[in-house]
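Visitor: build the 3D model from these lines:
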Amino acid sequence: MNRVVSSIGAQASTEPPPFRVKHFKRIVRLVCRNRGLLALGMLSTVVFACLHTISIGAAFPVFRILLEEEGLHSWVNRTVASQRLDMSIGVPTEDGSARITKIDSKSRTYAKGLRVGSLITDVQNRHVSELFRELAHGAVGSTVTVQTSLDSRTTEVQLELGELGWSMVSLRWSASLLGTNADTQRLETLKLLLFGLIGLVVAANVFRYIGEVLMARAVLEAMMQLRGDLYERTLHLPISFFAGQPTADLVGRFVQDIQEVQRGMLTLLSKFTREPLRAMFVLGLCLTLDWRMTLALLIVAPVTGLMFWRVGKRVKRSNRRLLQGYGEMIGALTASLQNLRVVKAYTAENHERERLKAVDRRVLRQQLSLAKLQAFVSPAMETVVVVAVSFLTLWLASRVLSHQMSISEFATLGLALAMVFDPLRKLTDVYVRVQRSTAGAERIFRILDHPVESEAKSGEIDLDELKGNIEFRNVCFTYSGADTPALKNVSLKIVKGETIALVGPNGCGKTTLISMIPRLLNPDSGSVLFDGVDLATSTLRSLRKQIGLVTQDAVVFAGTPIENIAYGQSEIDEDAVRDAARRASAEEFIEKIPGGFHAILAERGTSLSGGQRQRLAIARAIFRDAPILIFDEATSQVDSQSEWKIQKALQKFAEDRTTIIIAHRLSTIQFADRIVVMDNGRILDMGSKDELFDRCPLFRTLCETQGDDTPKKTDHGLDEAVQEHSS
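Guide: I've put the predicted structure just below:
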């Protein structure tokens with residue numbers, strides 16, 4: 001158990017290779033498969049950003065009504081008139097005149113003698129606001145006579161009305177919607193504006209909701225596809241991949257890593273599309289109000305960008321370590337729970353609690369490191385914004401005090417610029433989330449990019465059923481990370497229909513050798529031949545469909561006994577299942593379970609004893625009816641009476657089949673045609689039981705250790721042994 005945790009800790013401490021952008025692009029491409037949902041979501045988001053910006057712009061007439069003496073219509077007429085005359089005209093004074101605040105020296109009005117500071121009045125002694133209305137609504141090319149005065153010199157000037165730009169046409173049209181009494185009935189106009197503003201906000205947020213739901217569905221479906229791809233890839237990875245890979249770490253990639261990628265993609269597609277669009281639309285509004293002020297304020301952007309880039313790199317690194325820590329935690333917890341009987345028997349509850357607490361402390365350190373970085377981003381952004389807004393306020397206030405800007409323009413521009421910073425602030429969360437998701441994507445794609453079994457050894461030959469023999473020719477194999485080879489130049493030939501037994505001490509290479517037959521492992525050197533065909537060139541499916549395998553750790557899946565015995569079959573013959581169970585001595589205990597063959601077994605078969613699980617696994621191999629049988633300690637957990645019954649059934653079932661048996665109990669190999677003795681990765685000797693007892697010291701020692709010091713029952717079959725055992 002401690003070795004499991006140690007291997008997990010070693011895995012967690014290994015620094016993975018740097019993240020490549022191509023992995024992130026692959027995640028985005030996976031999400032983009034749902035392009036229909038994304039397109040509708042993006043369209044909804046664009047509509048939201050547009051309506052949101054319009055609602056901000058709608059604040060200007062509200063401010064104009066509340067804060068300015070000049071009426072809304074009067075302001076619109078003055079603004080339109082200024083554009084048509086190529087100059088800027090200030091707010092009318094109390095005496096009914098207005099002063100020119102800006103004029104281009106190249107404009108046609110400048111050529112008429114008008115200058116900055118010139119007063120404009122109506123020749124008919126009307127209030128200048130009436131003159132502005134005439135200038136705003138007059139026909140293009142018509143002339144209007146105005147009276148100007150500068151330095152006590154008063155003259156009359158005829159001004160030609162120019163064309164209206166689209167913005168002024170829109171402004172004039174928008175003002176007309178409020179009616180002609182907007183300046184005199186301000187409260188009614190304010191009510192109308194506020195109701196319109198509420199309608200805009202509601203509509204904008206409806207589109208925001210639709211956009212977020214559509215993009216969330218696109219991401220969630222993509223993550224389901226990614227999880228399916230990861231599961232499929234994991235099932236097809238070679239066994240050698242799992243030798244040094246903690247199961248808890250793999251499970252963590254299905255749970256925490258994909259969850260991080262999911263959060264990153266949800267944040268990216270919701271905020272990274274919505275907030276930049278908001279910022280872009282509102283920035284356009286700010287540029288319209290005062291382009292110089294807006295561009296000056298954008299100096300803050302490079303500072304914040306550099307800060308986020310530096311923090312983001314540390315966030316990605318910290319989150320990668322945190323994900324590895326989660327895998328370590330799952331491994332430690334799983335090891336304790338799976339071995340709970342041993343923990344309790346040795347009263348090691350406190351020891352396990354302290355061990356898990358140590359793992360928790362390491363995870364806590366990574367969580368705190370990540371929390372500190374995330375906690376830094378928002379305050380840092382807020383500080384930068386406050387500094388920028390403070391300078392902005394001073395600048396705008398100076399322009400208001402010098403009569404270069406009205407109070408309502410000041411309020412609107414301040415609101416709009418604040419709305420530009422709000423998306424930027426929210427984008428900080430996007431950057432952090434995306435950086436965290438890259439760590440998860442990196443670990444996921446290290447599995448998805450690992451070669452599967454068919455890629456590890458390219459097989460193209462479909463094998464026919466075995467006709468001659470299986471041959472191991474100078475096979476060598478060393479497990480990853482091991483100091484000594486598990487197999488050393490092993491050569492062995494197994495003839496079709498022969499039953500051979502592999503015996504030897506633990507760790508001598510028996511299981512490694514038979515794992516070469518179904519290509520669960522591939523030799524480092526040498527070859528395994530199947531009727532003369534190198535298994536490295538064969539297809540896995542044509543090979544494995546000929547093999548029935550029973551391992552020492554009997555595997556039981558959650559489901560019924562029928563589903564377990566007929567595992568992997570789409571169509572199930574229940575009579576054949578019951579026959580296989582009967583021949584494996586499993587029917588008797590299955591019938592006693594409430595529900596019998598249709599009972600739901602617990603996951604991993606925890607509701608069954610070890611012997612019952614093994615008999616169920618043997619029934620599975622018998623049901624498959626494969627021409628090659630491999631039994632790796634298949635009866636190690638059954639009682640003596642059941643073992644003899646199973647051995648008798650297997651002897652009959654193994655007739656005309658190629659059978660390989662690994663056993664520590666010599667009673668298990670009574671009917672073997674040949675016994676192969678292995679030690680230290682080599683074959684020491686092979687032959688019958690009598691021959692080996694006389695000439696192989698290791699085999700004799702194994703017999704004497706198990707109380708079998710005379711060779712017997714090798715020529716009279718298993719029936720005689722059963723009779724003796726029963727007596």
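Visitor: remind me which residues of the stretch 151-300 of the chain are low pLDDT?
Guide: 178-186, 243-245, 272, 285-300 (pLDDT under 70).
Visitor: can you pull out the strands in it?
Guide: Remark: strands assigned in the stretch 151-300 of the chain by DSSP state E, counting those that start in this stretch are 153-160.
Visitor: where do the helices sit along it?
Guide: Using DSSP state H, counting those that start in this stretch, the helices found in the stretch 151-300 of the chain span residues 166-176, 186-235, 239-243, 247-252, 258-297, 300-338.
Visitor: packing partners for the fourth one?
Guide: Under the contact definition 3 or more CB pairs under 8 Å, 6 or more residues apart in numbering; DSSP states H and E, helix 247-252 sits against helix 2-13, helix 300-338. Every residue, glycine included, has its C-beta placed from N, CA and C.
Visitor: beyond the first one, next helix or strand please.
Guide: Counting by DSSP states H and E, the next helix or strand C-terminal to helix 2-13 is helix 21-31.
Visitor: whatever helix or strand comes next after that following helix to helix 166-176, inter-axis angle?
Guide: Next in sequence after helix 21-31, counting helices and strands by DSSP H and E, comes helix 35-57. Here helix 35-57 runs at an angle of 70 degrees relative to helix 166-176 (axes from the mean of the first three to the mean of the last three CA atoms, to 10 degrees).
Visitor: average pLDDT across helix 35-57?
Guide: For helix 35-57, mean pLDDT is 84.
Visitor: and it, which residues are buried?
Guide: Within helix 35-57, the residues that count as buried by 16 or more other CB atoms under 10 Å are 37-38, 40-42, 44-57.
Visitor: how about stretch 585-594?
Guide: Buried residues in stretch 585-594, counted by 16+ other CB under 10 Å: Ser585, Ala586, Glu587, Phe589, Ile590, Ile593.
Visitor: those in strands, which ones?
Guide: With strands taken from DSSP state E, there is no overlap with the buried residues of stretch 585-594.
Visitor: which pair in these has the greatest spatial separation?
Guide: Across these, the longest distance by CB to CB is 14.9 Å; it joins Ser585 and Ile593.
Visitor: returning to what we had before: out of the buried residues of stretch 585-594, which comes closest to Leu235?
Guide: Closest approach to Leu235 among these (CB to CB): Ala586, at 26.7 Å.
Visitor: neighbours of the residue nearest to that closest one when sequence neighbours are not counted, how many?
Guide: Distances taken as CB to CB, 6 or more residues apart in numbering place Arg615 nearest to Ala586, at 4.0 Å, with adjacent residues excluded. For Arg615, the count of nearby residues is 29 (other CB atoms under 10 Å).
Visitor: what helix or strand is Arg615 on?
Guide: If you go by DSSP H and E, Arg615 is part of helix 610-624.
Visitor: show me how this structure divides into domains.
Guide: Under the assignment automatic domain parsing, the domains of the chain span 2-56+194-448, 78-170, 457-544+663-727.
Visitor: and of the ones you listed, who's closest to Leu608?
Guide: Nearest to Leu608, of all the domains of the chain, is domain 2-56+194-448, at 15.4 Å by CB to CB.
Visitor: which ones are touching His598?
Guide: By CB atoms under 8 Å, 6 or more residues apart in numbering, the contact set of His598 is Thr560, Pro561, Ile562.
Visitor: list the contacts of the last one.
Guide: Ile562 makes contact with Ile572, Glu574, Val577, Phe597, His598, according to CB under 8 Å, 6+ apart.
Visitor: can you rerun that using 6 Å?
Guide: Val577, Phe597 (CB atoms under 6 Å, 6 or more residues apart in numbering).
Visitor: quick one: average pLDDT of the host helix or strand of it?
Guide: Under the criterion of DSSP H and E, Ile562 resides in helix 561-565. Helix 561-565 carries an average pLDDT of 87.
Visitor: just the CA trace of it, in PDB.
Guide: Listed next in PDB are the C-alpha coordinates belonging to helix 561-565 (Å, rounded to 0.1, in the frame of the first residue of the first chain):
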ATOM      1  CA  PRO A 561     -23.900 -13.400 -13.300                       C
ATOM      2  CA  ILE A 562     -25.200 -13.900 -16.900                       C
ATOM      3  CA  GLU A 563     -23.600 -10.600 -18.000                       C
ATOM      4  CA  ASN A 564     -20.300 -11.500 -16.300                       C
ATOM      5  CA  ILE A 565     -20.100 -15.000 -17.800                       C
END
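Visitor: just after it, pick out the following helix or strand.
Guide: Using DSSP H and E, the helix or strand that follows helix 561-565 in sequence is helix 574-583.
Visitor: what's the angle between that following helix and helix 610-624?
Guide: On the basis of the same axes, to 10 degrees, helix 574-583 is oriented at 130 degrees to helix 610-624.
Visitor: picking up where we left off before, the residue nearest to Ala586 and Ala584 touch, don't they?
Guide: Yes. Between Arg615 and Ala584 there is a contact under CB atoms under 6 Å: 5.0 Å.
Visitor: so which bits of the helix or strand where Leu698 lies are buried?
Guide: Using DSSP H and E, Leu698 sits within helix 697-705. The neighbour-count check on helix 697-705 (16+ other CB under 10 Å) flags Leu698, Phe699, Arg700, Leu702, Cys703 as buried.
Visitor: my read: Val140 touches Glu163, true?
Guide: Yes. In this structure Val140 lies within contact range of Glu163 using CB under 6 Å: 5.3 Å.
Visitor: quick one, strands of the stretch 401-550 of the chain?
Guide: Remark: strands assigned in the stretch 401-550 of the chain by DSSP E, counting those that start in this stretch are 469-477, 487-495, 499-503, 525-530, 533-534, 547-550.
Visitor: how close does Val76 sit to Val503?
Guide: 101 Å (CB to CB, to the nearest Å).
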